[in-house]
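Novice: here's my sequence, what's the structure:
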Amino acid sequence: MITVIYVTRLAKGIFMSVFAMIGRRLLIGLLTLLFVSVLVFAGTEILPGDVAYAVLGQAATPESLELVRNRLGLNEPVHVRYFVWLFNFVRGDFGASLATFGGSLAGQDIGTELLNRGWNTMLLAGSTALIAVPLAIFLGLTAAIKPGGLVDRILTSTSLALISFPDFLVAVLLVTVFAIKLRWLPAIASIRPSYDFFDWVRILILPVAGLTFTILAHMLRMTRSAVIDVLSSPAIEMAILKGVPRRRLLIKHALPNAIGPIVNVIALNLAYLISGVVVIETMFNYNGLGRYMVEAVTNRDIPVVQACAMIFCSVYVIVNLISDVIAILSNPRVRYPK
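Specialist: The predicted structure follows:
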């Protein structure tokens, strides 16, 4: 009976400790989003020029300018417009695109366009993650088996070279070799509803390859570093002295203890796949969120820029929150702080 009570209290303590840590990180994430919302709104407000005049262009008249300002709420004080915009964003109302305003002053719904392009970006990011994450973990473990060996030197040197290449240069090289010289794959990843599965695969190969080269090297090096740090711990040294085989040591003992750092690196790179694909989507003319934001900046479509920036920040906060929860659950030292 005493044992049951003790186990129950212990489980309750563990649950409350983990729940408190998750609650603190969630609160920090919400405060971060609030701070970013202020920066995004202020950054778009201080841009030079008149938004109403940018919408109407050469057709602007004093009457039409006043009508657009009233329609967009530009005559309201800045703090009132901020809170109205933040409230609408929280309830999922992103407004209308200024670039598609017509005579009726009714632009294209941003939420619908974000949903359509968001699926395309998720497809690109998901395809890249399915390839890059397992490959990075495998290569990182392979390099950590024998630090300083031939395989380790080759992998670390190659990963360092890949990190040095910027995104646009990788995209240009892929297009030059596989689309222009060999003509195996299309240079433009345009999406059409009539495409079948094989057309989608053929279109996504080059963008996925560009993103994979970008994040693979970073995840590989961090996985290798995390596993090597765990291998230098006293518990692993004791397992080595007991004669545990190297591969079993890595898979059964080192990898579970290195999950926390590895998950954090993977989370940052997955967030990058959602919000940092601007260069790849622009280079391959891929109809995703990154290209949507570039078009909005070019057309000075303020509501679209604000919505995309907040969505990208939200993705980072949510992914980091999930990675923190996994790190807490996988590491007893974090679950039971002194």
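
Novice: low-confidence regions, the chain specifically.
Specialist: Low-confidence segments of the chain, defined by pLDDT under 70, span residues 1-18, 49-50, 53-61, 64, 100-107, 193, 275-276, 330-338.

Novice: ok, 90 please
Specialist: Where the chain drops to pLDDT under 90, the residues are 1-34, 36-37, 39-86, 88-134, 136-338.

Novice: element containing the spatially most central residue of it, please.
Specialist: Centroid check for the chain by CA atoms, centre = their mean gives A271 as the closest residue, at 1.7 Å. Applying DSSP states H and E as the criterion places A271 in helix 259-275.

Novice: show the backbone phi and psi for A96.
Specialist: phi -120, psi 150 (degrees, to the nearest 10).

Novice: ah, wrong one, I meant D109
Specialist: Main-chain torsions, D109, degrees, to the nearest 10: phi -70, psi 120.

Novice: what bridges to it?
Specialist: A96 (DSSP bridges).

Novice: would you map out the domains in the chain?
Specialist: For the chain, automatic domain parsing gives the domain ranges 19-100, 112-335.

Novice: count the residues that sit near the closest residue in space to P303 that isn't next to it in sequence.
Specialist: In space, and not counting its chain neighbours, P303 is closest to G95: 4.3 Å by CB to CB, 6 or more residues apart in numbering. For every residue, glycine as well, the C-beta is placed using N, CA and C. As a burial measure, G95 scores 18 neighbours (other CB atoms under 10 Å).

Novice: residues contacting G95?
Specialist: 85, 88, 110, 303, 307 (CB atoms under 8 Å, 6 or more residues apart in numbering).

Novice: looking at those, spot the one nearest I154.
Specialist: Distances from I154 to the contacts of G95, taken as CB to CB, are shortest for A307 (44.3 Å).

Novice: the closest one looks like it's in a helix, true?
Specialist: Yes. Assessed with DSSP: H, G, I helix; E, B strand; the rest coil, A307 lies in a helix.

Novice: roughly how far apart are it and L98?
Specialist: Using CB to CB, to the nearest Å, one gets 12 Å for the distance from A307 to L98.

Novice: and these two? Which one has more around it.
Specialist: Set A307 next to L98 and count neighbours by other CB under 10 Å: A307 wins out with 27 against 23.

Novice: SS state for the closest residue to that one other than its chain neighbours?
Specialist: Counting by CB to CB, 6+ apart, A307 lies nearest to F94, which is 4.3 Å off, once chain neighbours are set aside. Three-state secondary structure (criterion: three-state DSSP) places F94 in coil.

Novice: tell me the contacts of F94?
Specialist: F94 neighbours (CB under 8 Å, 6+ apart): 88, 109-111, 114, 303, 307.

Novice: same question for T44.
Specialist: Contact partners of T44, counting by CB under 8 Å, 6+ apart, are 302, 305-306.

Novice: that older thread, please identify the deepest-packed of the domains of the chain.
Specialist: domain 112-335 (a mean of 18; mean count of other CB atoms under 10 Å).

Novice: can you give me how far that one is from the chain middle?
Specialist: Between the centre of domain 112-335 and the centre of its chain there are 9 Å (CA atoms, centre = their mean, to the nearest Å).

Novice: elements contacting the helix holding A271?
Specialist: When contacts are defined as 3 or more CB pairs under 8 Å, 6 or more residues apart in numbering; DSSP states H and E, helix 259-275 sits against helix 110-145, helix 197-231, helix 289-299, helix 302-330.

Novice: what are the phi and psi values at the residue nearest to A307?
Specialist: Backbone torsions of F94, given as degrees, to the nearest 10, read phi -90, psi 0.

Novice: now it: how far from V305?
Specialist: From F94 to V305 the distance is 11 Å (CB to CB).

Novice: ditto for T156
Specialist: Distance, T156 to V305, using CB to CB: 39 Å.

Novice: same check on V319?
Specialist: Here V319 is placed at a distance of 22 Å from V305 (CB to CB).
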